[in-house]
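Engineer: quick check, what structure comes out for this input:
(chains A and B)
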Amino acid sequence: MEGAGIHVKDLNAWFGPKQALFNIAMEIPAKKATAIIGPSGCGKSTFVRCLNRMHETLPDTRVEGKVSIGELDVYGKGVSPVWIRRRVGMVFQRPNPFPTMSIYDNVAAGLKLNGFRNRRELDVVVERSLRHAALWDEVKDDLKKKSGASLSGGQQQRLCVARGIAVKPEVLLLDEPASALDPISTAKIEDLIFELKKEQYTIVIVTHNMQQAARVAEFTGFFLLGKMIEFDKTEKVFTNPSDKRTEDYVTGRFG
Amino acid sequence: MLNPRQNIALHRRLQNGLALGLITLAMLVVTVPLFLILGTVISRGIHGLNWSFLTQIPKPIGEVGGGMANAIVGSMTLLAVASLIGVPLGVGAGVFLAEYGRNKWGNIVRFTADVLNGVPSIVIGLTAYALVVVVQKHFSMLAGSVALGIMMIPTICRTTEEVLLLVPQSIREAALGLGIPKWRTILSVVLRTASSGIVTSIMLAFARIAGETAPLMFTAFGNQYWSKSVNQPTAALPLQIFTYAVMPYDEAHQQAWTGALVLIALIMFTVIFFRFIASRGAIKGAS
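Structural biologist: Have a look, this model is predicted:
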């Protein structure tokens, strides 16, 4: 597994008649963390959901434009969204473990439900994923006894990260992964992002928390009303932005 | 002088007491008939309950003794075959409605199911008569099962839809986001999450058809003897109860009460058994 870069060009997305994204163009670098910031409703979640074709699973939605992950044309003819999503993992805002599955089965779900049945290898994958997600020590005694839903919110979110990385994606999309969590759990998720970067994942993290973006991401994109206003090195965006609107947002004048 | 705060508290306590009293009353109104029915059936039926009732077939009229073994086995087989027809079709249609039914086709299926739910059971019996009995040229257990199976479909279909819609969208997204195909997501994640609700819906439909008499009258027809295959007419508990209940003999009435008791017990044990099976698979903390 090697993280791949993401190339986005002329990306437009709609909910019914309402356009949510306007001509987004972006080069997300490989094996780095990129933060997407912006006020609520600016299209940041819609943007990352376009990268793994989750946007189209909602009724009455439409996407136009070009997205490539490495060499792979995400919206190319004959490209299956299922195949894309195996290469681009996703962690959602609210922890969403499978409630009727054990902790073990939650982590193994991506492999098991795609027909992978080698028990011994599954054991290895589950342990490795839980270790990477910094959850192994807390759950190792209850792997098959307890449901994923019996964990605390922060543990559930780390379980979702473990589930996401168990299928070894090249890219990991994190859609406000810590916004429903307390500060300690948030810190754990951020530590986790540093670890995952070391593991050569390409990470895209949506956040409305600017400190978080500044802490974890090398690059930051600022979205406003469905348009990408600025995309640059995180340090540049926060200390010396080239657009007035970015400056207003990062200095807290609105949003 | 009274503290105004205490006044408010008293007022609230009265309101609370009144509301609690009303819902307790409602609870009693709902549960009392159930216990009256159970109590009557048990007290009247228990005398006739013995080994020969469960193991022998009915004696000719006028002779004492005999049992309903053929009707018990007949009912169980009828219900099993009816479930084989009704459960897959009902659950399948429910999955269609919940996962693919936000359109014109879904509305058609939904409307059809609701109308079918309101069709009198005797009309469904007539339909099975026309579709199976007339074609086979004789009454049969199969025809009875078809009638009962059709009756199961709308209940299971609509409740399955409701239960599946209760499964949070975020769970579906989690599975799709892992690169699991939609059909696999529905089978292994959505249905699994909703399984206890689906079992409940099947049990509701099962309990409803288990006591149906009208749709069996000209399909399964009834049989004084053992039925040897699904192509023969068969005895069934509701039919046998009806036959005995309208006879002018005390002996027959006793058999009818005992039959009713056995029928209720059969339904209850089946429901409890499948609830137990369904809950065994669940793990700690599952919601």
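
Engineer: contacting residues around the residue nearest to A:Leu135 when sequence neighbours are not counted?
Structural biologist: For A:Leu135, ignoring the flanking residues on the chain, the nearest one in space by CB to CB, 6 or more residues apart in numbering or on different chains is A:Arg158 at 4.4 Å. Yep, even glycine has a C-beta here, placed from its N, CA and C like the rest. A:Arg158 is in contact with A:133-135, A:188-189, A:192, counting by CB atoms under 8 Å, 6 or more residues apart in numbering or on different chains.

Engineer: can you list which of these are found in strands?
Structural biologist: Residues of the contacts of A:Arg158 located in strands (DSSP state E): none.

Engineer: out of those, flag the one nearest to A:Phe222.
Structural biologist: Closest to A:Phe222 out of the contacts of A:Arg158 is A:Ile189 (21.7 Å), distances taken as CB to CB.

Engineer: which SSE is the residue nearest to A:Leu135 in?
Structural biologist: Element membership of A:Arg158, judged by DSSP states H and E, is helix A:153-166.

Engineer: distance between that helix and the chain's centre?
Structural biologist: A distance of 12 Å separates the centroid of the chain from that of helix A:153-166, by CA atoms, centre = their mean, to the nearest Å.

Engineer: next secondary structure after that helix?
Structural biologist: strand A:171-175.

Engineer: residue nearest the centroid of chain A?
Structural biologist: The centre of chain A sits closest to A:Leu173, judged by CA atoms, centre = their mean, with a distance of 1.6 Å.

Engineer: let me see the contact set for it.
Structural biologist: A:48-49, A:51-52, A:88-91, A:203-206.

Engineer: and the furthest pair within these?
Structural biologist: Top of the distance list for those (CB to CB): A:Arg49 and A:Ile203, 15.6 Å.

Engineer: okay, these two: which has more neighbours?
Structural biologist: More neighbours surround A:Arg49 than the other of A:Arg49 and A:Ile203, with 26 against 23 (other CB atoms under 10 Å in any protein chain shown).

Engineer: narrow the contacts of A:Leu173 to those in strands?
Structural biologist: Judged by DSSP E, strands contain the following of the contacts of A:Leu173: A:88-91, A:203-206.

Engineer: out of the residues you listed, who's nearest chain B?
Structural biologist: When these are ranked by distance to chain B (CB to the nearest CB), A:Met90 comes first, at 4.0 Å.

Engineer: and the closest residue to that closest one other than its chain neighbours, how many neighbours?
Structural biologist: Nearest residue to A:Met90 in three dimensions, chain neighbours excluded: B:Gly177, at 4.0 Å (CB to CB, 6+ apart). Close neighbours of B:Gly177, defined as other CB under 10 Å, add up to 29.

Engineer: remind me which residues of the chain are low pLDDT?
Structural biologist: Picked chain A for this. Low-confidence segments of chain A, defined by pLDDT under 70: A:1-3, A:254-255.

Engineer: switch to chain B, please.
Structural biologist: In the predicted model, chain B carries pLDDT under 70 at residues B:1-7, B:281-287.

Engineer: at 80 what do you get?
Structural biologist: Judged by pLDDT under 80, chain B has its weakly predicted residues at B:1-8, B:61-65, B:279-287.

Engineer: residue of the stretch 151-255 of chain A nearest chain B, please.
Structural biologist: A:Val167 (6.1 Å).

Engineer: just the stretch 101-250 of chain A next, same as before
Structural biologist: Going by CB to the nearest CB, chain B is nearest to A:Ser150 of the stretch 101-250 of chain A, at 2.4 Å.

Engineer: I'd like the distance between that residue and B:Arg172.
Structural biologist: 21 Å (CB to CB, to the nearest Å).

Engineer: over to B:Arg158?
Structural biologist: Going from B:Arg158 to B:Arg172 by CB to CB gives 20 Å.

Engineer: then B:Ala207?
Structural biologist: From B:Ala207 to B:Arg172 the distance is 31 Å (CB to CB).

Engineer: in chain A, what residue spans correspond to strands?
Structural biologist: With strands called from DSSP E, chain A shows them at A:6-15, A:18-28, A:33-37, A:61-69, A:72-73, A:88-91, A:171-175, A:202-206, A:219-224, A:227-233.
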